[in-house]
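Visitor: Got a predicted structure plus its sequence, pasted below:
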Amino acid sequence: MPFELHPDQVTASVPPPHPLSSSKWNATVTSWSGAAAVQLTRGRRDWLRSVLRSGGRPLLITPPASRMSVGMLAALRASGGDWLLADERGVSRLNSDPVEVPAAPAHSTGEAWLGEVVEAVQVSVSVHHRADAGAEIGRAVEVVLGDGPGWGTSEPVTRVWDPRAITELARGRMPRPTRVFVASEAGAGAGLVRRVDTGVIEEWKFLLPGASGADAVGCLRTISKRQDILLGTAWACAAGGDATFGRELARGLRPLAVAVGPRALRRSRWNPDPQLAHVKWVGSRPRMRTLLVDVTASDQESLAALLRGVDPEMLARGLGATSDAQ
């Protein structure tokens, strides 16, 4: 259901619970930033935590020209929040739909973003690890971002790449989940590591400016060969050349590929026609193969053929194995 704000919902203003909070009413807490690119700094991370601890919903308001990092957008959405834009005409969503926000910022100018918008690829992947002392977090990151990305628990990332250190950090925080952020010249990503009944799951969302559909399919294929993948997806989009998001998010995404691991396949009972050109199986063991669907060059008719006969609810339950997981 769309989140709507109306003046008659406003109660008396209370002192903001965090220095980055601009206003609070009912269960909504706003924060204004005029930065050219808003990152998940330690201060922003603590602001989100303070809002969640109070049972609130965060709204981040920026000028229309502002950008947002992969980590900031992932954390904001995971917190149930929204990103709004403010200018002299008022406050709106990324798609320009107006929103009435009490105590909206009077100022609407911010720093200028000097980058350019380019074609990009979003890759999301979930990997399962058994409860084993030898399990190591982060190998999927190496496939997508290349060797030696930086990492950290806030942005900008400053630590030298070390999967063992990430693994030890996550273990030390169990049973609480751990958020990790990564970046390299290839792009940026945000990860969540959490414990489940069958072991540990790491979930990553990457933004790769300038990457192609073939690059994304190659990443999913390689991860499927090397690890116990639950679900992987790739989408074409537009983004900043510095791996940030802006108003172009409202344009939507175009599907490129999906990889469905054996756990999800067994639950969903999805068995697409293997004769379709864009359906491939990765792996040699029958019950341990990953279904890789490459739709980078597919038209609507071929997509319809691929999905024909699929029970959406059953498939969703199977993909919820990203959740043995949840």
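Guide: Yes, it's here. Numbers count the residues shown, from 1 in each chain.
Visitor: Tell me where this protein has helices.
Guide: Under the criterion DSSP state H, the chain contains helices at 42-53, 70-78, 139-145, 163-173, 213-226, 262-268, 300-307, 312-319.
Visitor: In TSV: those, plus mean pLDDT and distance to R247.
Guide: Glycine gets a C-beta too; all of them are placed from N, C-alpha and C. Below are the helices of the chain laid out as TSV (pLDDT from 0 to 100; distance: least, C-beta to C-beta, whole Å):
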stretch	mean pLDDT	distance to R247
helix 42-53	94	20
helix 70-78	95	13
helix 139-145	96	25
helix 163-173	95	33
helix 213-226	94	23
helix 262-268	75	34
helix 300-307	56	27
helix 312-319	50	30
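Visitor: and stretch 125-133, how far from the chain's centre?
Guide: Offset of stretch 125-133 from its chain centre (C-alpha atoms, centre = their mean, to the nearest Å): 19 Å.
Visitor: Can I get it in CSV, CA atoms only?
Guide: Provided in CSV are the C-alpha atoms of stretch 125-133 (Å, rounded to 0.1, in the frame of the first residue of the first chain):
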residue,chain,number,x,y,z
VAL,A,125,22.6,-13.1,-5.0
SER,A,126,21.9,-15.3,-1.9
VAL,A,127,24.3,-18.0,-0.9
HIS,A,128,23.9,-20.7,1.7
HIS,A,129,26.6,-22.1,4.0
ARG,A,130,26.4,-25.1,6.2
ALA,A,131,27.2,-24.7,9.9
ASP,A,132,30.8,-25.5,9.3
ALA,A,133,34.0,-24.0,10.7
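Visitor: list the buried ones in it?
Guide: Neighbour-count burial for stretch 125-133, with 16 or more other C-beta atoms under 10 Å as criterion, is recorded at V125, S126, V127, H128, H129.
Visitor: Also stretch 191-198?
Guide: For stretch 191-198, by 16+ other C-beta under 10 Å, it's G191, L192, V193, R194, R195.
Visitor: My read is that the third one contacts R176, right?
Guide: No: with contact defined as C-beta atoms under 8 Å, V193 and R176 do not form a contacting pair (10.0 Å).
Visitor: what sits in contact with each of the two?
Guide: Residues touching both V193 and R176 (C-beta atoms under 8 Å, 6 or more residues apart in numbering): there are none.
Visitor: OK, contacts around A236?
Guide: E119, A120, V121, G213, L253, R254, P255, L256.
Visitor: Could you list the low-pLDDT ranges of the stretch 1-150 of the chain?
Guide: Low-confidence segments of the stretch 1-150 of the chain (pLDDT under 70): 1-17, 103-110.
Visitor: Around the residue nearest to M72 when sequence neighbours are not counted, count how many other residues there are.
Guide: Of all residues not flanking M72 in the chain, L40 sits nearest, at 4.3 Å (C-beta to C-beta, 6 or more residues apart in numbering). Residues lying near L40 (other C-beta atoms under 10 Å) number 26.
Visitor: Quick one: residues contacting L40.
Guide: S69, G71, M72, A75, S154, E155, F181.
Visitor: Could you measure from it over to R77?
Guide: Counting by C-beta to C-beta, to the nearest Å, the gap from L40 to R77 is 12 Å.
Visitor: Please apply the same query to T198.
Guide: 26 Å.
Visitor: Ok, L265 next?
Guide: Plainly put, L265 is 27 Å away from R77 if you go by C-beta to C-beta.
Visitor: Could you single out the nearest of the buried residues of stretch 191-198 to A165?
Guide: Taking C-beta to C-beta as the measure, V193 is the one of those closest to A165, at 12.5 Å.
Visitor: Identify the residues contacting that closest one.
Guide: Per C-beta under 8 Å, 6+ apart, neighbours of V193: I137, I166, A170, P177, T178, R179, V180, V200, I201, E202, E203.
Visitor: start to end distance for stretch 23-37?
Guide: Distance across stretch 23-37, first residue to last, is 22 Å (C-alpha to C-alpha, to the nearest Å).
Visitor: And stretch 179-194, by the same measure?
Guide: Start-to-end, stretch 179-194 (C-alpha to C-alpha) is 9 Å.
Visitor: ditto for stretch 170-189
Guide: Taking C-alpha to C-alpha, stretch 170-189 runs 17 Å from one end to the other.
Visitor: Go through it and flag the buried ones.
Guide: A170, T178, R179, V180, F181, V182, A183, S184, A186, G187, A188, G189.
Visitor: hey, what's the second one bridged with?
Guide: What it means is T178. Beta bridges link T178 to V193 when assigned by DSSP bridges.
Visitor: That one: what's it in contact with?
Guide: T178 touches T153, L169, A170, L192, V193, R194, counting by C-beta under 8 Å, 6+ apart.
Visitor: Nearest to W113 among the buried residues of stretch 170-189?
Guide: For the buried residues of stretch 170-189, the nearest to W113 is A188 (15.7 Å; C-beta to C-beta).
Visitor: can you pull the pLDDT of that closest one?
Guide: pLDDT, A188: 97.
Visitor: quick one: T296 and D215 touch, right?
Guide: No: assessed by C-beta under 8 Å, T296 is found out of contact with D215, at 10.2 Å.
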